[in-house]
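# Using only what follows, build the 3D model:
(one chain, ligands or ions: 2)
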Amino acid sequence: MPYLELIGLQTHFPVRKGILFKSITDHVRAVDGVDLAIEQGEILGLVGESGCGKSTLSRTVMQLVPATGGRVILDGEDLTALSHREVRLRRLDFQMIFQDPYASLNPRMTVFSTLAEALRTRNPQLKGSQLTDEVSSLMERVGLDRRFMRKYPHEFSGGQRQRIAIARALAPQPKLVIADEPVSALDVSIQSQILNLLKQLVRELGLTMIFISHDLSVVRYIADRIAVMHFGKIVELGAAERVMDSPEHDYTKQLLAAIPQIRP
Ligand SMILES: Nc1ncnc2c1ncn2[C@@H]1O[C@H](COP(=O)(O)OP(=O)(O)OP(=O)(O)O)[C@@H](O)[C@H]1O
Ligand SMILES: [Mg+2]
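Ligands and ions are numbered 1, 2, ... in the order given. Sure, this is the predicted structure:
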C-alpha cells in the first residue's frame, strides 16, 4: 500500500468578475485531476514551470486548501473525509519546508523558542532540562551548534536559517515532509549541503518526501522518482534518471531543453 495516494485530485479556484455583483465567470484549474502514489521512504521530485500548480498541489495535500474533487489518502486514511479538528491532529504527521526561511521564521523568536514551540505541538508536557535537551538534539541533527540556541533568525546565514526551518519541521516527528523549493533562495555552494542534509534525514528518519523545484538538476540529485507537472496535470512520471535521460513527454523534453548550457 502506498504511503500517500492522490486519486483524481482537483483544486479549482473561482475567478470573479464585476464590481457590485461579483459573479463567478471561470475557474483556474490549478490542480486538475492528479493521480499519484508515493511509497514510504521515497523522495518524489515534483517539477514544472511557474504557475503549473506545484504549490497548490502541496497545499491541497496538507489540507490547507480544500480540494474541489478527488481524494488524498495518507497511510490508508482519507484526509478529505476528516473534520477540521481531526485534520489538525493529523497535520502533525505532515510538515512543510518553504523557499524563504527568513519569511517563514518568526523574527522575534529565538531558535530555542521556535523549536520548543514546535516540539510541544506533539509533546505539550515537555519542559525544563528535558525540553532543552530535545532542542539541542534537534539542532545537532540538522548540523547547528547548540550554543546558537538563544540567537535570533537575523543572526544566521541563509543556509543556517534553512537548517532552523528544517529542524522546526522535524520537531513534531512528521512522517511526510513537503519541501517547496527549499534551496531555490540559497547559494549554489550551500544548496548541496542542504540537499545532502535532506537526503540524510529522509534515510535516517524513514521520512517520505515530496520535493518541489523548478530546477531539474537539483531534483535529479535528490529524487528517487520525478513527476512532471503541466497545467495542473502530471504529464510524466518515472525513475529520476529515466525521466532526465530519456524523457517521453514533449513537455518534459522542452523543460530539459530549456536548461541553459555553457559551451566549452
Ligand atoms: N488562492 C488562490 N486563488 C486563486 N488562484 C490561485 C490561488 N492560489 C494559486 N492560484 C493560481 O493557481 C495556479 C497555480 O499556482 P501555484 O502557486 O500552485 O503554482 P506553482 O507551480 O507553485 O508556481 P511557482 O513555481 O511560481 O511557485 C496559478 O495560476 C495561480 O495564479
Ligand atoms: Mg510554488
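# Which residues of the stretch 51-200 of the chain lie near ligand 1?
Applying CB under 6 Å from any ligand atom, we find that the stretch 51-200 of the chain lies next to ligand 1 at 51-56. For the C-beta atoms, the positions are set from N, CA and C on the backbone; glycine is no exception.
# residue boundaries of the strands in the protein?
Counting by DSSP state E, residue ranges of the strands within the chain are 4-17, 23-38, 43-47, 69-74, 77-78, 94-97, 176-180, 208-212, 225-230, 233-239.
# how about those, which one is nearest residue 147?
Relative to residue 147, the nearest member of the strands of the chain by CB to CB is strand 94-97, separated by 23.9 Å.
# Starting from that closest one, tell me which strands it pairs with and how they run.
Pairing partners of strand 94-97, with direction, according to DSSP bridges: strand 176-180 (parallel).
# isn't residue 232 right next to residue 27, touching?
No: here residue 232 lies out of contact with residue 27, judged by CB atoms under 8 Å, at a distance of 10.6 Å.
# So for the two, which sits in the more crowded spot?
Between residue 232 and residue 27, counted using other CB atoms under 10 Å, residue 232 has the larger neighbour count: 23 against 14.
# residue contacts, that one?
Residues touching residue 232, when contacts are defined by CB atoms under 8 Å, 6 or more residues apart in numbering, comprise 29-34, 52-53.
# Would you point out the helix or strand in the protein whose mean pLDDT is lowest?
The helix or strand of the chain with the poorest confidence is helix 101-104; it has a mean of 84 (mean pLDDT, DSSP states H and E).
# And the helices in the stretch 151-264 of the chain?
Chain-ordered helices for the stretch 151-264 of the chain, with DSSP state H, counting those that start in this stretch as the definition, fall at 158-170, 188-205, 216-222, 240-245, 250-257.
# how about CSV for those, with mean neighbour count and mean pLDDT added?
Formatted as CSV, the entries for these read as follows, by neighbours: other CB atoms under 10 Å; pLDDT from 0 to 100:
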stretch, mean neighbour count, mean pLDDT
helix 158-170, 23, 96
helix 188-205, 16, 95
helix 216-222, 19, 92
helix 240-245, 16, 95
helix 250-257, 15, 92
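# Tell me the confidence at the closest residue to residue 27 other than its chain neighbours?
Nearest in space to residue 27, with sequence neighbours left out and distances taken as CB to CB, 6 or more residues apart in numbering, is residue 12 at 4.2 Å. Note on residue 12: pLDDT of 96.
# ok, residue 12 - contacts?
If you count contacts by CB under 8 Å, 6+ apart, residue 12 has them with 27-32, 68-69.
# Can you lay out those residues as JSON lines showing pLDDT?
As requested, the contacts of residue 12 are exported to JSON lines (pLDDT from 0 to 100):
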{"residue": "27", "pLDDT": "90"}
{"residue": "28", "pLDDT": "94"}
{"residue": "29", "pLDDT": "96"}
{"residue": "30", "pLDDT": "96"}
{"residue": "31", "pLDDT": "97"}
{"residue": "32", "pLDDT": "96"}
{"residue": "68", "pLDDT": "96"}
{"residue": "69", "pLDDT": "96"}
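# Tell me which two in these are the farthest apart.
The most widely separated members of those, counting by CB to CB, are 28 and 69 (14.2 Å).
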